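> let's see this in three dimensions:
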Amino acid sequence: MVQAVATMQALVKTQKGVGFLELQDKPVPAPGHGEVLIEVKACGICGTDVHVLHDEFPYWPPVILGHEFSGQIIEVGEGVTGYTVGDRVVGEPHTKACGRCYLCRSGNPQICPTKRSPGWGIDGAFAKYLVMPDVLLHRIPDSMSFETAAVCEPTANTVHDIIERARIDAGDFVVVLGPGPIGLLAGMTARAGGARHIVMVGAPSDEAVRLKKARELGFETVVNLANQNPLEVVNELTGGIGADLVIECSGAAPAIASAVGLVRKKGRICAIGLTGKDTIPFPWDAAQKKVIDIICNMSTSPSSWERTINLIAAGKIQAGEVVSHKLPLSEWQHAFEEIEAQRALKVLLIP
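Numbering: from 1, shown residues only. Okay, the predicted model is just below:
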């Protein structure tokens, strides 16, 4: 079936620099040993894709963007075990991890220095077809839509960061800074992990879409910086103690600095958002005096994927709620514009 289709439309970053993103006809890839060919059903636009558009994240052009995908296996290469044609899958973006360095051998291929993820290091999923190694795949249940499954990857980030690394405890008071898709997923993950109260903090520009969605999702306290001081709110709600856990998702320097004031002594700051800058001001001495733990995070662990799929399937994390737009691949430019104008949350492109 696939052999009859010589080419496919794909969204390609053609060269280094700001812009240079366009739809092109590309050859349909063929699965090699230990690989499968996946028909992509949906792929989410990540902040990384926006950064690549603006030349603010490492990438190797020409490269097809997109890594938050779901799809169905339509061809199986030699040596593949455990997967067959028709399987509904998602996949970890840890391609090209070497498997030999101390990071890979300690179970951390997501930060292997040779890793080249789909969407920036090798061709990704903003296309009709995608080749993936079988060792990086996870089945999704029939009850889970492809659209919801496409949000497994960003959700696995929050599950890894908050549950596995920041080790949220039942009864924690949690503050989330930045109510974008990752921030909303972080709040839902914290709730699934047993948080007793979640404060979602956003800027005035977040009010129309992001903070509105935060209220719809039922977070206990939603703060617009134009109307309330989050430090006063948190102190009032905690009797002046502060939050057990602050989850920083905005990547904004002022928000990152404010996390130290919001967290209690011996509390934790879970860093998820990237700033895009080499350095930012940070109240280091204040953090030292509070004896806080700062947990920095990047990507997803292999173990976080099954946790995530199970939490979504059980209804503990309503990941599909962050999807605001579903657009054909041909409308990619409109999709990126909506995201950058903060008129959209998570946008899925449907090849």
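> strands along the stretch 51-200 of the chain, start to end?
For the stretch 51-200 of the chain, the strands defined by DSSP state E, counting those that start in this stretch occupy 63-64, 68-76, 88-91, 129-133, 137-139, 173-177, 197-202.
> list the neighbouring strands of the longest one plus their orientation.
With DSSP bridges as the test, strand 68-76 is paired with strand 35-44 (antiparallel), strand 88-91 (antiparallel).
> spatially central residue for the protein, please.
Pro154 (2.4 Å; Cα atoms, centre = their mean).
> now do the same contact list for Val322.
Contact analysis of Val322 by Cβ atoms under 8 Å, 6 or more residues apart in numbering lists 151, 181, 184-185, 213, 345-346. The C-beta positions use only the backbone N, C-alpha and C, and glycine is treated the same way.
> most neighbours, which of the residues you listed?
Compared across the contacts of Val322, Pro181 has the highest neighbour count, 30 neighbours, by other Cβ atoms under 10 Å.
> that residue and Gln110, how far apart?
As judged by Cβ to Cβ, to the nearest Å, Pro181 and Gln110 stand 20 Å apart.
> kindly report the same for Tyr59.
Taking Cβ to Cβ, one finds Tyr59 at 17 Å from Gln110.
> so for stretch 39-53, what gets flagged as buried?
40-49, 51-53 (16 or more other Cβ atoms under 10 Å).
> can you check stretch 97-114 too?
97, 101, 103-104, 108-110, 112.
> may I have it exported as CSV, CA atoms only?
Below are the C-alpha coordinates for stretch 97-114, written out as CSV (Å, rounded to 0.1, in the frame of the first residue of the first chain):
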residue,chain,number,x,y,z
ALA,A,97,20.7,7.6,22.0
CYS,A,98,23.9,5.6,21.9
GLY,A,99,23.0,3.0,24.6
ARG,A,100,26.7,3.0,25.8
CYS,A,101,27.4,6.2,27.7
TYR,A,102,26.9,6.5,31.4
LEU,A,103,23.6,8.3,31.0
CYS,A,104,22.1,5.6,28.7
ARG,A,105,23.5,2.8,31.0
SER,A,106,21.9,4.5,34.0
GLY,A,107,18.5,4.6,32.4
ASN,A,108,18.6,8.2,31.1
PRO,A,109,18.7,8.0,27.3
GLN,A,110,16.6,11.2,27.1
ILE,A,111,19.7,13.2,27.9
CYS,A,112,22.3,11.2,26.0
PRO,A,113,24.6,13.6,24.2
THR,A,114,24.2,11.8,20.9
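> would you list every one of the helices in the stretch 51-200 of the chain?
Listed in chain order, the helices of the stretch 51-200 of the chain (DSSP state H, counting those that start in this stretch) span 102-105, 146-149, 152-158, 181-192.
> mind putting those helices in CSV, distance to Ala226 included?
Output for those, formatted as CSV (distance: least, Cβ to Cβ, whole Å):
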stretch, distance to Ala226
helix 102-105, 43
helix 146-149, 33
helix 152-158, 26
helix 181-192, 17
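> tell me which of those helices lies nearest to Pro133.
helix 102-105 (13.7 Å; Cβ to Cβ).
> how far off centre is that closest one?
23 Å (Cα atoms, centre = their mean, to the nearest Å).
> ok, stretch 248-259 next?
The answer for stretch 248-259 is 17 Å, by Cα atoms, centre = their mean.
> what is the end-to-end distance of it?
Stretch 248-259 stretches 7 Å from its first residue to its last (Cα to Cα, to the nearest Å).
> got a list of contacts for that stretch?
Residues contacting stretch 248-259 (Cβ under 8 Å, 6+ apart): 175-180, 182-183, 186, 201, 203, 230-231, 246, 269-277, 280-283.
> swap in stretch 342-351?
8-9, 11, 40-45, 66, 126-128, 147, 150-151, 154, 180-181, 184, 205-206, 208-210, 213, 322-329, 331-332, 335, 338-339.
> what about that stretch, average pLDDT?
Taken as a whole, stretch 342-351 has a mean pLDDT of 96.
> buried set for it?
So, applying 16+ other Cβ under 10 Å, buried residues of stretch 342-351: 344-351.
> follow-up on the earlier one: and the strands paired with strand 68-76: which comes nearest Leu137?
Comparing the strands paired with strand 68-76 by Cβ to Cβ, strand 88-91 comes nearest, at 4.7 Å.
> which of the residues in the closest one are buried?
88-91.
> same check, this time on stretch 236-251
237-238, 242-251.
> can I get those in JSON lines with secondary structure and distance to Pro141?
Converted to JSON lines, the buried residues of stretch 236-251 look like this (DSSP: H, G, I helix; E, B strand; the rest coil; distance: Cβ to Cβ, whole Å):
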{"residue": "Leu237", "secondary structure": "helix", "distance to Pro141": "38"}
{"residue": "Thr238", "secondary structure": "helix", "distance to Pro141": "39"}
{"residue": "Gly242", "secondary structure": "coil", "distance to Pro141": "40"}
{"residue": "Ala243", "secondary structure": "strand", "distance to Pro141": "35"}
{"residue": "Asp244", "secondary structure": "strand", "distance to Pro141": "33"}
{"residue": "Leu245", "secondary structure": "strand", "distance to Pro141": "30"}
{"residue": "Val246", "secondary structure": "strand", "distance to Pro141": "33"}
{"residue": "Ile247", "secondary structure": "strand", "distance to Pro141": "28"}
{"residue": "Glu248", "secondary structure": "strand", "distance to Pro141": "32"}
{"residue": "Cys249", "secondary structure": "coil", "distance to Pro141": "28"}
{"residue": "Ser250", "secondary structure": "coil", "distance to Pro141": "33"}
{"residue": "Gly251", "secondary structure": "coil", "distance to Pro141": "33"}
